[in-house]
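Q: Below is the sequence, then the predicted model.
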Amino acid sequence: MAAPNEQAVSLSEISVIAEAPAATASATPNASAAYVGGITGRGGVLKPVEAASAGIITGAQINSRPVTRPDEILEEIPGLIITQHSGEGKANQYFLRGFNLDHGTDIAISVDGMPVNMRTHAHGQGYADLNFLIPELVGAVEFHKGPYFVRDGDFASAGSVRIDYLDTLNRTISLATFGSFGLKRGLSAASTPLGAGNLLVAGEAQTYDGPWTVPDALRKFNGVIRYSQGTALDGFAVSGMAYWAKWNATNQIPERAVAERIIGRYGTLDPSDGGDTGRFSLSGRWSQSDAGGITRASAYVIRYQMNLWNNFTYFLNDPVGGDQFHQRDSRVLGGGEIARVFQGDLFGLPMENEIGFQTRTDDIRVGLFNTTTRQYRSTVLDDTVLEASAAFYAENRVRWTDWFRTSVGIRADGYYADVRSDTPANSGRARDGIVNPKLGAVFGPWHDTELYVNYGGGFHSNDARGVTATVDPASPLFNVLRSPFLVPSTGSEIGIRNRSITGLETSVALFQLDFASENLFQGDTGTTEPSRPTRRFGIEWTNHYAVTRWLALEGDLTITNARFSNRDPVGARVPEAPTTIASAGITFGEGLGWFGSLRFRYFGPRPLIEDNSVRSKPTALLNGRIGYLFESGISLSLDVLNLTNAKADQITYFYVSRLPGEDAAGVADRHFHPVEPTAVRLTLAGRF
């Protein structure tokens with residue numbers, strides 16, 4: 001991760017990752033010979049670290065991990081868990097700082113300046129599908145935790161992740177991967193000078209069945225084309241991306257069904273579950289620096305569609321046709337950001353002022369339908385939603401002395417939604433706004449040690465349909481309680497970072513986050529719904545040790561206490577909130593010859609209901625990689641996933657479902673999605 005700038009905060013001192021390859025290589029041994037390296041986009045700028053829990057990760061670092069699915073590269077972010085409870089084409093599930101973030105409710109993710117989180121989504125608020133990500137193209141990942149940063153708005157209370165693709169490649173790459181359970185993947189990527197700039201083109205195709213009784217039959221196609229000129233600080237880029245996938249899904253299954261041998265551990269109770277999705281985007285960024293500072297702008301337009309068929313409760317609501325439902329989402333969204341950083345001084349002290357404006361508009365068609373084996377039976381809702389937002393932010397940064405600098409900012413967000421429902425009583429318009437302060441202070445360095453203090457307010461938006469609804473669309477005679485449009489959060493953090501031992505960077509952060517309303521997963525609908533206010537506090541300990549240029553060690557630990565902050569007889573525990581998350585890793589290799597990586601990940605037990613009487617089991621996984629890079633530029637690597645063949649769970653829920661022959665009221669039970677058994681993947685890659 002990038003080290004904090006120990007000099008004045010000025011743009012003249014900002015560097016680009018590609019301009020310091022030796023430093024990058026020494027921090028991250030080569031554990032992925034297929035990673036091509038290259039010049040990063042704007043995310044590759046190394047800025048002063050603003051909090052003990054913030055940082056920047058290079059593409060080489062994240063590609064050193066042996067992973068099951070693309071999103072898992074983000075587990076290089078300390079304390080972040082990526083998992084899956086359905087088919088491989090569905091958005092993954094995220095856990096961070098005592099949050100079950102579902103599919104992205106309180107972690108804001110962007111790729112090349114484009115938001116990944118989908119608001120007012122058919123399946124869940126903030127749904128963030130990163131399956132279109134091509135890890136080998138990632139130049140840098142910038143992450144923040146907590147609502148302390150002025151550029152972070154909706155969904156960013158637990159944290160934010162900005163992923164930037166490379167502008168150019170040092171070499172052309174072609175690779176083929178073959179593995180257990182029908183895994184086949186091919187990738188080709190190349191860049192070439194064109195006019196005054198560079199053209200980058202990449203294409204990916206993948207198939208995967210998984211260990212499931214009903215194969216996932218994943219079919220995935222991905223493409224990127226990008227033209228860029230100049231640098232991250234003076235230049236522009238225009239990118240087009242296309243992604244399409246379809247799959248079957250083995251969702252979470254009840255423990256009793258396995259215990260009674262109705263199905264096996266990798267079986268399903270509804271073999272017709274699954275989905276398809278597509279994402280097509282056009283985006284651009286521009287930046288220009290001058291003696292007075294830097295101006296940057298970005299814009300995007302995205303065409304997105306998704307169909308999901310799920311059955312989580314089996315025969316609880318309909319003992320004949322079953323409980324499968326179809327969620328459909330089709331939208332066009334567009335937006336952008338423009339910002340200016342002004343260089344100056346305050347009574348001779350180095351100072352920066354940054355102001356920015358962000359906007360986003362979603363034109364959405366969203367529906368929920370009852371189905372049997374994907375065949376339509378009835379409509380629950382079929383709505384159109386126009387949702388728009390705009391935000392203004394400003395921040396002042398001053399270095400008061402050689403050992404003290406501050407940032408003081410403010411962010412104002414405004415939201416508007418127009419819901420046209422097929423249930424007229426649920427149509428309506430809504431407006432809301434929120435203003436949040438953002439404060440930070442950094443003390444040091446003293447003896448290679450810095451102290452960080454951060455405070456800020458944040459929020460997440462709720463589904464606009466819940467904001468305007470007055471009746472239950474499935475039972476119009478029953479009224480429903482409207483949801484607030486914007487739900488505020490307040491966070492604070494104190495942390496320390498030390499580099500007194502050569503090659504070792506260690507940091508500790510104590511954090512707290514209060515939420516006015518918690519979003520919880522509902523098993524009978526497969527969505528998240530607002531719940532009670534919560535408070536979380538905890539500690540993070542992060543370590544990265546570059547022992548030599550060819551050997552690096554990592555170790556992270558997060559312990560969190562998550563509780564509802566109001567009294568209720570049902571209990572105070574937040575369901576699915578993880579208490580302990582830990583990881584450790586070793587990476588080795590430099591240049592030609594052998595390279596490898598070994599990664600351990602621990603996902604601790606969690607309360608599944610409010611009184612803590614039902615808990616999940618812990619999950620401990622070990623993944624490994626070994627490979628060899630030849631002088632010809634050809635590399636051969638072997639990944640072994642779940643090395644110990646742990647029979648653990650990816651995710652566990654507790655709710656009521658009904659199997660054939662059971663009482664009409666159903667049975668409350670644990671429902672789990674198992675970890676895949678040991679799998680091997682062999683990759684042959686060429687760099688030319």
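A: All right, it came through fine.

Q: hey, let's count contacts and neighbours off CA atoms from now on
A: Fine.

Q: Partner strands of the helix or strand harbouring Ser407 and their direction?
A: Here Ser407, judged by DSSP states H and E, is contained in strand 404-420. Partners of strand 404-420 in the sheet, by DSSP bridges, are strand 375-401 (antiparallel), strand 428-446 (antiparallel).

Q: As a markdown table, those strands with mean pLDDT would be great.
A: Shown next, in a markdown table, are those (pLDDT from 0 to 100):
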| stretch | mean pLDDT |
| --- | --- |
| strand 375-401 | 96 |
| strand 428-446 | 96 |
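
Q: In JSON lines, list those strands along with mean neighbour count and distance to Ser188.
A: JSON lines is the format used below for the strands paired with strand 404-420 (neighbours: other Cα atoms under 10 Å; distance: least, Cα to Cα, whole Å):
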{"stretch": "strand 375-401", "mean neighbour count": "18", "distance to Ser188": "37"}
{"stretch": "strand 428-446", "mean neighbour count": "18", "distance to Ser188": "43"}
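
Q: Next up, the contacts around the residue positioned nearest the centre of the chain.
A: Centroid-nearest residue in the chain: Ile109, 5.2 Å away (criterion: Cα atoms, centre = their mean). Applying Cα atoms under 8 Å, 6 or more residues apart in numbering to Ile109 gives the contacts Pro115, Val116, Asn117, Ala128, Ser160, Val161, Arg162, Ile163.

Q: do Gly89 as well
A: Gly89 touches Asn131, Leu218, Ala245, Lys246, Trp247, Gly275, Asp276, Thr277, counting by Cα under 8 Å, 6+ apart.

Q: 6 Å - rerun?
A: By Cα atoms under 6 Å, 6 or more residues apart in numbering, the contact list for Gly89 is empty.

Q: tell me the phi and psi of it?
A: Main-chain torsions, Gly89, degrees, to the nearest 10: phi -90, psi -10.

Q: how close does it sit to Leu130?
A: Using Cα to Cα, to the nearest Å, one obtains 9 Å as the distance from Gly89 to Leu130.

Q: low-scoring stretches of the protein, by residue?
A: Along the chain, the model assigns pLDDT under 70 to residues 1-28, 30, 33-49, 476-479, 519-529.

Q: At which residues are the helices of it located?
A: All helices of the chain, identified by DSSP state H, fall at 21-27, 59-62, 255-259, 464-468.

Q: what's around Asp663, how many residues?
A: Using other Cα atoms under 10 Å, Asp663 is surrounded by 10 other residues.

Q: meant to ask about Leu166
A: 24.

Q: pretty sure it is in contact with Ala140, am I right?
A: No - the criterion here is Cα atoms under 6 Å, and Leu166 misses it with Ala140 at 8.1 Å.

Q: Quick one: buried ones out of the contacts of Ile109?
A: Among those, the ones that count as buried by 16 or more other Cα atoms under 10 Å are Pro115, Val116, Asn117, Ala128, Ser160, Val161, Arg162, Ile163.

Q: Please name the bridge partners of the last one.
A: Read that as Ile163. Val111, Val141.

Q: How much space separates it from Ser53?
A: According to Cα to Cα, Ile163 stands 17 Å off from Ser53.

Q: Also the first one?
A: Taken as Cα to Cα, the spacing of Pro115 relative to Ser53 amounts to 22 Å.

Q: count of residues packed around Gly275?
A: Using other Cα under 10 Å, the number of residues around Gly275 comes to 24.

Q: Not counting its neighbours along the chain, what's nearest it?
A: Closest residue to Gly275 apart from its sequence neighbours, by Cα to Cα, 6 or more residues apart in numbering: Leu308 at 4.4 Å.

Q: my guess is the one you found contacts Ser330, does it?
A: No - if you go by Cα under 6 Å, Leu308 and Ser330 don't touch, sitting 11.8 Å apart.

Q: between these two, which one's more packed in?
A: The neighbour comparison of Leu308 against Ser330 (other Cα under 10 Å) goes to Leu308, with 24 against 19.

Q: On the strand side of things, show who the more buried one bridges to.
A: Residues in beta-bridge contact with Leu308 (DSSP bridges): Gly275, Gln327.

Q: again, but for Ile338
A: Note on Ile338: beta-bridge partners Ala297, Phe357, judged by DSSP bridges.

Q: got the contact list for it?
A: For Ile338, the contacting residues are Arg296, Ala297, Gly356, Phe357, by Cα under 6 Å, 6+ apart.

Q: run the last query once more with 8 Å
A: Thr295, Arg296, Ala297, Ser298, Gly356, Phe357, Gln358.

Q: For the fifth one, give me its contacts.
A: Yep, that's Gly356 we're talking about. In this structure, Gly356 makes contact with Glu337, Ile338, Ala339, Arg340, Phe392, Tyr393, Ala394, judged by Cα under 8 Å, 6+ apart.

Q: ok, the closest residue to the first one other than its chain neighbours to Ser597 distance?
A: Spelled out, that is Glu337. Using Cα to Cα, 6+ apart and skipping the chain neighbours, the partner closest in space to Glu337 is Gln358 (4.4 Å). Between Gln358 and Ser597 the computed distance is 40 Å (Cα to Cα).
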